[in-house]
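1. Build me a structure from this.
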Amino acid sequence: AQTIVVIGGGIDLSIASMMALTSVTAARLMGGASEEFAILVVPLVLLLGLLLGAINGILIVITRVPDIIVTLAMLFVWQGVALLVLESPGGGAAEWLRALVIGTLSIPGVPEAITQWIPKALILVLVCLGIVWIPLHRSRLGLSIYAIGSSSLAAFRSGVGVARTKITSYAVAGLFAGMGGLVLTLSTGIGAPI
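-> Modelled structure (predicted):
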C-alpha cells in the first residue's frame, strides 16, 4: 500500500488504521452470519478500503496540506471510526475464507515434504499483488504515478492529470490496506480496532 503512494511522491501514515477499520468491519459483518454471506463481505470490505484511500487523496488534493499532515490526522479519524464499529476485539470470520490463509499448501501428487514449506498466505499475497500490481505497473495510470513522483510540474506539463492521479494512487493504497485488513481478520479470526 505504501509503495504506490511513495512512487507518486507522497506518504500515507493512515494505512494501519485503514487496515484496522476494514478488519473490524469484516469481523463485524461476518460475525454470526452464514458462511455464504462472506462472499458479499469481501468485495464490500475491499470497496471500503478503496473509498478510505480515495478520501485521503481527495483531502490532500483539495486542501493542499502536505500529505504527511493529512494522513496523520486521518490515522486518528479512521482509528476512531474503527472503535465505533467494534469497541473491543470480537466478531468472526468465515471458516472457508480462513482456510485460504491458514496452513500450508497441499498439492495433490506433490510430496508433502516439498509443499509443507509454502504457506497459503504467501500464495494469497502473490495472487493479490498480481491482480492489482501487474495491470497498474503496465498501464497509463502506473506511468502517471511514476511521473508525478518524479516531478509533478513536469508531469502536469506532459498532460498528466496530477490531482486525479494522486487521488487514484491513494485509493489503490486504500485497496491494499483493505486487503491487509481482510487478511488480518482471516488470520486471527476476529477484528481488533487497535
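
2. So for the worst-scoring helix or strand of the chain on mean pLDDT, what gets flagged as buried?
-> Lowest on mean pLDDT, DSSP states H and E among the helices and strands of the chain sits helix 112-115, with a mean of 71. For helix 112-115, a neighbour-count test (16 or more other Cβ atoms under 10 Å) marks nothing as buried. Any C-beta I mention is one placed from the backbone N, CA and C, and that applies to glycine too.

3. need the next SSE after that helix, C-terminal direction.
-> Downstream of helix 112-115, the first helix or strand assigned by DSSP states H and E is helix 120-137.

4. List of residues touching the least confident helix or strand of the chain?
-> Applying Cβ atoms under 8 Å, 6 or more residues apart in numbering, the external contacts of helix 112-115 come out as 104-107.

5. Scan those residues and report the most crowded one.
-> L105 (16 neighbours; other Cβ atoms under 10 Å).

6. which residue sits closest to that one, ignoring its sequence neighbours?
-> Spatial nearest neighbour of L105, chain neighbours left out: I118 (4.3 Å); criterion: Cβ to Cβ, 6 or more residues apart in numbering.

7. One more: R28?
-> Using Cβ to Cβ, 6+ apart, the closest residue to R28 is G91 (4.9 Å).

8. Would you mind measuring from that neighbour to A38?
-> 12 Å (Cβ to Cβ, to the nearest Å).

9. okay, and the common contacts of the two?
-> Contacts common to G91 and A38, judged by Cβ under 8 Å, 6+ apart, are M30.

10. buried ones in stretch 152-172?
-> Neighbour-count burial for stretch 152-172 [16+ other Cβ under 10 Å]: 152, 155, 160, 162-163, 165-172.

11. and for that stretch, what are the contacting residues?
-> Contacts of stretch 152-172 (Cβ under 8 Å, 6+ apart): 1, 4-5, 7-10, 12, 50-51, 53-54, 56-58, 60-61, 132, 136, 141, 144-145, 147-148.

12. Put the buried members of those into a ChimeraX selection.
-> Selecting the buried subset of these in ChimeraX, with 16+ other Cβ under 10 Å as the burial test, is done by:
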select :1,4,5,7,8,9,10,12,50,53,54,56,57,58,60,61,136,141,144,145,147,148
